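Novice: this one's sequence-less:
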């Protein structure tokens with residue numbers, strides 16, 4: 001079926017790191033913009049929309065290493081990670097977990113949905129329409145917990161789709177799409193790599209790869225399930241340098257001040273792994 005690029009979640013720092021990886025790969029002659037499918041989850045939804053929309057990786061990289069200017073940083077509860085783990089332990093299944101996180105998101109005090117949508121539109125820049133490359137952006141229904149995949153045939157504009165996929169419960173407002181409210185696609189999976197099933201060559205770029213026990217499969221589990229037909233390359237952060245960049249709390253992941261170091265680390269990682277990625281993508 002061709003080639004698929006999967007871009008996972010990771011908040012503000014994840015966006016910067018993924019952009020850095022793509023820029024590092026492009027610098028070594030590995031341009032993934034000829035993908036037949038791009039799957040974007042949370043941070044990866046924003047990067048995927050820009051990348052599939054034809055924005056030059058070096059331009060994206062420049063925007064990530066520039067000093068942040070007046071970007072609001074959400075207030076992060078110190079109990080945020082504990083709350084997520086608690087809901088994972090209590091949920092009956094993936095839909096129940098999605099609905100539980102949806103209730104948290106709907107009750108949270110955040111910036112307005114209009115303000116968040118405006119921010120997403122600013123980041124997307126000239127990308128206002130769905131690209132010709134098939135782009136799938138993941139989200140979860142805040143009430144039912146059902147997963148939702150938005151694409152050019154869904155009748156949803158791309159700003160709304162990205163707003164939904166990046167709506168981290170408790171940090172960002174759920175996005176209203178077609179009268180329903182949606183939250184972060186990462187509440188189904190950190191990267192939703194299973195959506196690349198059937199593709200011959202797959203590159204997964206994921207700053208976060210962990211799963212959530214029986215409820216949420218990890219990225220590596222989903223890759224294994226793609227089967228022997230698919231040649232897959234997983235690009236994940238260097239375990240030696242990533243902790244100093246991302247830290248140990250959600251507050252670090254949404255801190256714009258950490259964006260530039262994350263982008264530079266991503267670029268180094270892309271350059272380091274370019275030959276391996278090319279072997280899968282072009283092999």
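Specialist: The structure has been received and is ready for your questions. From a predicted model like this one, the values you see are computed outputs, not experimental measurements. Numbering: from 1, shown residues only.
Novice: pLDDT (mean, whole number) over the lengthiest helix in the chain?
Specialist: If you go by DSSP state H, the chain has its longest helix at helix 259-281. Helix 259-281 shows a mean pLDDT of 97.
Novice: and the contacts of it?
Specialist: The contact list for helix 259-281, computed with CB atoms under 8 Å, 6 or more residues apart in numbering, reads 3, 12-30, 32, 61, 64-68, 201-203, 231-233, 235, 237-238, 241-242, 245-246. Just so you know, the C-beta spots here come from the backbone N, C-alpha and C atoms, and that holds for glycine as well.
Novice: could you do stretch 24-39 as well?
Specialist: With contact meaning CB under 8 Å, 6+ apart, stretch 24-39 is reached by 1-7, 22, 48, 51-52, 54, 57-58, 133-136, 138, 191-193, 195-196, 199, 203, 266-275, 277-278, 281-282.
Novice: would you mark the buried spots in the longest helix of the chain?
Specialist: 259-267, 269-271, 273-274, 277-278, 280-281 (16 or more other CB atoms under 10 Å).
Novice: quick one, helices of the stretch 1-150 of the chain?
Specialist: For the stretch 1-150 of the chain, the helices defined by DSSP state H, counting those that start in this stretch occupy 11-27, 43-52, 57-65, 80-90, 94-107, 113-124.
Novice: paired strands for the longest strand belonging to the chain, with orientation please.
Specialist: For the chain, the longest strand by residue count, based on DSSP state E, is strand 134-141. Strands that pair with strand 134-141, judged by DSSP bridges, come out as strand 37-40 (parallel), strand 147-150 (antiparallel), strand 180-184 (antiparallel).
Novice: below-threshold pLDDT in this structure: ranges please.
Specialist: 70, 77-81 (pLDDT under 70).
Novice: one more pass at 80, please.
Specialist: Within the chain, the stretches with pLDDT under 80 are 69-85, 212-213, 247-251, 283.
Novice: tell me the contacts of residue 8?
Specialist: 14, 18, 41-44, 186, 190-193, 204-209, 219.
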